[in-house]
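Student: The following block contains a protein sequence and its predicted model.
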Amino acid sequence: MTQLRRVVVYTDDPDEGGVAVYNHAILCELARIGYDVTCVQSESQSPMIARQRELGVKHHWLGFHSRRDCVRNSVNMEDADRAFSVTCPDVVLFTNCSPFSHIAAKTVAIRRNLPFIVVEGYVAVLEAVVPEVAWYLYHLEEHYKQAKAVIAVSQDNLDLLHRQYRLAVGKGDLIHYGRPASFFEPQRPHVRERLRKEAGIPEDAVVCLTVGRLEPVKGHRVLAEAVAELRKSPVWPRLYFAWIGTGSLQRELADMLHSTGVAEHVKMLGQRWDVADWLDASDAFALPSFCEGMPLVIMEAMAKGLPVVASSVSGIPEELGGSGKLLPSPQTDRSGTVREIVSTLKEWTTNAQLRCQAGQACRTRAEKLFREERMLHLTMQVIQRAVMPPRDYISPGLEVVRPDPCFPHLDVGDPEKASWQHLRRGIPHNWYVDRRVPDTGFANRDEAHILYNMARRFKGKEALEIGCWLGWSVCHLALGGVHVDVIDPVLARPDFLENIQQSLDAAGVRARVNLVAGLSPSHVHSLSREYNRKWPFFFIDGNHEAPYPVFDAAVCAEHAEDDAVILFHDLASPDVAHGLEYLRQCGWKTLVYMTAQIMGVAWRGTVEPIHHVPDPSFTWHVPNHLRHYTICGMQNACNQ
C-alpha cells in the first residue's frame, strides 16, 4: 500500500553494535514492503550486509570510518552532499549512536529541503556544556526542530533529549527496540549440546553469557572481578562464563583472567554471528555496563527466558522492569556491583527453580514489549507520515495507510474551482480530487484516516456507507477491516462503477465491498430486509441538502445495532449538521472532529469513537452552528 519511495538510512554504526542490528531490521522491512532503500555508512562486510543485498538494499560507502573519525562525521558536509546526490532520497532516516552524530549530514539535508527522521540509539547525560558541546547543541536544536520525527528507544533517553539536548516539549516518539521471532523460540537442546562441546563446557554446568564490545563502557573488568570472587565459592566447579565480543580490552582481560586463575571457566569467543545459538546454550545473562542505551542483547536474553543481571543505568531498568536483577551502577558503586553479581550468580547456580522463575519473568516482559514486529510497525508508521505529501496532516495517534497508487487520477485540486458554497477554502491542507472531475473533492488525508482508524475498531464487522463518489472513502473503510455495504446513485453509471471496482481491486479489498446503485433511505431499508442486517458502523456522506441528512441519520439510527457509531462528513454545511443534531436529540452522544470540512460522530452503547487532534499549527474557526458541540482535541480555536 505504499508508492515506491526512496529511503536512505544514514548511520554511524557499520556493523559493530546495537544500532547496526537495529538498522538491519529496518532496512530489511523497508525493502520487504516495497521501498527503494539505500544505507549510507562506512564500508563493511558481514552476514547482515549480505542479507540486505539479497533483499535489494543498496549501500553507499562513506570514505572513512565513522566511529573512528567523529570529527569528519560532524563537520564534513561534502560526504553527505555526495551521498544525497547519488541516492536522491525522498526521506532520510538518521540512526545515531549519539545525538551529536551526523551534524554535517543533517545540516545538508535541511539545505536540500530533504525530510528526515532522527532515531537516537543512545543518549548520555551531559556533565558540562563546554564550548564545543554548546556548538553541537546549537545545531542540534535546529535539527530537531526541522526533523519530521525524533525517535528515542527508551523513556530515559527521551527525557534526556528534552531536558538536556533541546528537543522541544511535546516532540519525540518512544519506540522500544524489538527482536525477531527466532529469539522467542524455546531453547534447542541439540544446539546447547553442540556449542558446549565445542567450547569445552560441561553439559551440567550453569553458563552465564555476556555479549558486548570488549571496551571499558561494557563493564568486563567489573565482571572479571566478580568472576575472581566466585572462584572462592562452592558453586565455582559448576559455573562457567561465555563472553562474545572483541575490542581494545581483549588482551588486558585475557591477562586478568589468567592471573586470577579463572581462564578455564571464562570462554572468550570473539566476534560471533550466532548469538541466538549461544543464548540456547546458556542459563543466565550478565551485563554490568557503565552506560547504555537500550541493549538489544538484554532483550534477546529475556526473550529466550534467561534471567538477566544488569546495571541500573539508562534504559536497562526500563527493559527489566520488575524482572531479572538490577545492579548498582558501577560508575558510582563498583564494589557494590561486584558484590551483587557474586550473590546473584551464587543464588541462581544453586537454586535452579529460582533461576527458571526469574527467566520466565524476563520472557513475559519481553513478549509484551520487545517483539520486533511491534517496533517495525511503529517505525514504518513514522516513516509513512514523513513521506506524506507536503500540506497533508494526520492526527497523532492514528494509524497510517496510503492507498494513493490505487487511485491513478488522484490529484491535489484547486479549491477555488469548487462550486460548493460550504467548502472551507482557507484550510492549509491538501484538497484531493479526481483530476477528471476537478470540482468535487474527496475526504482529505486527515479525514480519510479518521475513517480508516474508526473502521479498525469494527474489524470483521459490517458497515454501511451512504455516498461513496469515486471510492476513496470506501477504500479506507475496507482497508480498516470492515465489510462495507455502499449505497450511491452514481454506481448506476458503468464508468463510475468500473473505476471504483478497479481501485478496490488494486487495494485488495474488493471482496469486502458490496456496491449498490440506489438512494437512501429507501435502499437502506431494502438492504436491511434482504440481509436481515443491522449495522454497528455507518458513514454518511450522501445528499448534503436539507432535509436529506436528517433522513440519512434517521434511517441509520433505525437499523443500527445497540452498540453503534455513525460518522458524518461535511458538517461545515448547516444542513449536514442537522443530521448530527437529530441524533443528539434522540439521545446519542455526539462529538465534532475539527478537520478541513469538519466531521461529526454520534455513538451509543459500549463503543467509543477514536480520539483526534486538530492540526495545532492552524487556528481553527468553529462555525456558529457547531459551537454548542464538544470539539475533540481542540486547543487552538475561536468561534466564527
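Tutor: Okay, I see it.

Student: Next, the buried residues of the helix or strand harbouring residue 276.
Tutor: With elements taken from DSSP states H and E, the one containing residue 276 is helix 275-280. Buried positions in helix 275-280, judged by neighbour count with 16 or more other Cβ atoms under 10 Å: 275-280. (Each C-beta comes from the backbone N, C-alpha and C, glycine too.)

Student: Check stretch 356-365 too.
Tutor: Neighbour counts over stretch 356-365 (16+ other Cβ under 10 Å) mark 358-359, 361-363, 365 as buried.

Student: Strands of the stretch 451-600 of the chain, start to end?
Tutor: 462-466, 483-487, 513-516, 535-540, 560-569, 589-593, 599-604 (DSSP state E, counting those that start in this stretch).

Student: CSV for those, including mean pLDDT?
Tutor: Below are the strands of the stretch 451-600 of the chain laid out as CSV (pLDDT from 0 to 100):
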stretch, mean pLDDT
strand 462-466, 98
strand 483-487, 98
strand 513-516, 98
strand 535-540, 98
strand 560-569, 98
strand 589-593, 98
strand 599-604, 98
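
Student: Can you classify residue 405 as helix, strand or coil?
Tutor: helix (DSSP: H, G, I helix; E, B strand; the rest coil).

Student: closest one to residue 411 among the strands of the stretch 451-600 of the chain?
Tutor: strand 560-569 (19.6 Å; Cβ to Cβ).

Student: Please enumerate the helices of the stretch 201-350 of the chain.
Tutor: Using DSSP state H, counting those that start in this stretch, the helices of the stretch 201-350 of the chain run over 220-230, 250-259, 275-280, 296-303, 316-320, 334-350.

Student: what's the nearest residue to residue 412 if we skip its chain neighbours?
Tutor: residue 430 (4.8 Å; Cβ to Cβ, 6 or more residues apart in numbering).

Student: oh, I was asking about residue 419
Tutor: In this structure, residue 419 finds its nearest non-sequential neighbour in residue 439, 5.5 Å apart by Cβ to Cβ, 6+ apart.

Student: What residues does the one you found make contact with?
Tutor: For residue 439, the contact set (Cβ atoms under 8 Å, 6 or more residues apart in numbering) comprises 413, 417-419, 433.

Student: Secondary structure element for it, which one?
Tutor: strand 437-441.

Student: Tell me the buried residues in stretch 182-199?
Tutor: Those would be 183-184, 187, 191-192, 195-196, for stretch 182-199 by 16+ other Cβ under 10 Å.

Student: Out of those residues, which comes closest to residue 167?
Tutor: residue 183 (31.0 Å).

Student: ok, so what distance separates the closest residue to that closest one other than its chain neighbours from residue 136?
Tutor: Leaving aside its sequence neighbours, residue 183 sits nearest to residue 303 (Cβ to Cβ, 6+ apart; 4.1 Å). Distance, residue 303 to residue 136, by Cβ to Cβ, to the nearest Å: 36 Å.

Student: what's the answer for residue 558, then?
Tutor: Relative to residue 136, residue 558 is positioned 64 Å away (Cβ to Cβ).

Student: The two: who's more crowded?
Tutor: More crowded of residue 558 and residue 136, by other Cβ atoms under 10 Å: residue 136, with 19 against 12.

Student: pLDDT score for residue 637?
Tutor: Here, the pLDDT recorded for residue 637 equals 51.

Student: Can you point out the helix or strand that includes residue 37?
Tutor: strand 36-42.

Student: got the contact list for the helix or strand following that strand?
Tutor: Note on strand 36-42: by DSSP H and E, the next helix or strand toward the C-terminus is helix 47-54. For helix 47-54, contacts defined as Cβ under 8 Å, 6+ apart pick out 15, 20-21, 24, 27-28, 31, 39, 59, 273.

Student: now do 6 Å
Tutor: 24, 27, 273 (Cβ atoms under 6 Å, 6 or more residues apart in numbering).

Student: Give me the phi and psi angles of the first one.
Tutor: Phi and psi for residue 24, reported as degrees, to the nearest 10, are phi -60, psi -50.

Student: what about it, how many neighbours?
Tutor: Look at residue 24: counted by other Cβ under 10 Å, it has 20 neighbours.

Student: Tell me which residues touch it, please.
Tutor: Here residue 24 is in contact with residue 48 (Cβ under 6 Å, 6+ apart).

Student: can you do 10 Å?
Tutor: 9, 15, 39, 46-49, 51-52, 57 (Cβ atoms under 10 Å, 6 or more residues apart in numbering).

Student: Could you dump the buried residues of helix 275-280 into CSV with distance to residue 128 and pLDDT added?
Tutor: Formatted as CSV, the buried residues of helix 275-280 follow (distance: Cβ to Cβ, whole Å; pLDDT from 0 to 100):
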residue, distance to residue 128, pLDDT
275, 37, 92
276, 41, 93
277, 44, 96
278, 40, 97
279, 40, 97
280, 45, 97
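
Student: Closest one to residue 253 out of these, please.
Tutor: Using Cβ to Cβ, residue 278 comes nearest to residue 253 of the buried residues of helix 275-280, at 18.0 Å.

Student: Surely the closest one and residue 245 touch.
Tutor: No: between residue 278 and residue 245 there is no contact, the gap being 11.4 Å when judged by Cβ atoms under 10 Å.

Student: shared neighbours, these two?
Tutor: Common contacts of residue 278 and residue 245, defined by Cβ under 10 Å, 6+ apart, comprise 211, 269, 272.

Student: what's the lowest-pLDDT member of those?
Tutor: residue 272 (91).

Student: ok, that residue - contacts?
Tutor: Counting by Cβ under 10 Å, 6+ apart, residue 272 touches 211, 242, 244-246, 278.

Student: Can I get those residues in JSON lines including distance to residue 576?
Tutor: Putting the contacts of residue 272 into JSON lines (distance: Cβ to Cβ, whole Å) gives the following:
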{"residue": "211", "distance to residue 576": "61"}
{"residue": "242", "distance to residue 576": "68"}
{"residue": "244", "distance to residue 576": "64"}
{"residue": "245", "distance to residue 576": "64"}
{"residue": "246", "distance to residue 576": "67"}
{"residue": "278", "distance to residue 576": "64"}
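
Student: Of those, just the buried ones, ChimeraX syntax please.
Tutor: Command for ChimeraX that selects the buried part of those, burial taken from 16+ other Cβ under 10 Å:
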select :211,242,244,245,246,278
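
Student: wait, which of the contacts of residue 272 is closest to residue 563?
Tutor: Nearest to residue 563 among the contacts of residue 272: residue 211, at 49.9 Å, using Cβ to Cβ.

Student: and the helix or strand hosting residue 365, what other elements does it pack with?
Tutor: Assessed by DSSP H and E, residue 365 sits inside helix 352-369. Contacts defined by 3 or more Cβ pairs under 10 Å, 6 or more residues apart in numbering; DSSP states H and E place helix 352-369 against strand 284-287, helix 296-303, strand 308-311, helix 316-320, helix 334-350.

Student: try 6 Å this time
Tutor: Packed against helix 352-369 by the contact rule (3 or more Cβ pairs under 6 Å, 6 or more residues apart in numbering; DSSP states H and E) you find helix 296-303.

Student: what angle separates the helix holding residue 365 from helix 296-303?
Tutor: Using axes from the mean of the first three to the mean of the last three Cα atoms, to 10 degrees, the direction of helix 352-369 lies 110 degrees away from that of helix 296-303.

Student: Thought residue 207 was touching residue 283, still the case?
Tutor: Yes: contact criterion Cβ atoms under 6 Å: residue 283 and residue 207 qualify, at 5.3 Å.

Student: Tell me where the stretch 51-200 of the chain has strands.
Tutor: For the stretch 51-200 of the chain, strands defined by DSSP E, counting those that start in this stretch occupy the ranges 58-62, 91-96, 116-120, 149-152, 173-174.

Student: how far does the fourth one sit from the chain's center?
Tutor: Right, the one you point to is strand 149-152. Put simply, strand 149-152 sits 10 Å off its chain's centre (Cα atoms, centre = their mean, to the nearest Å).
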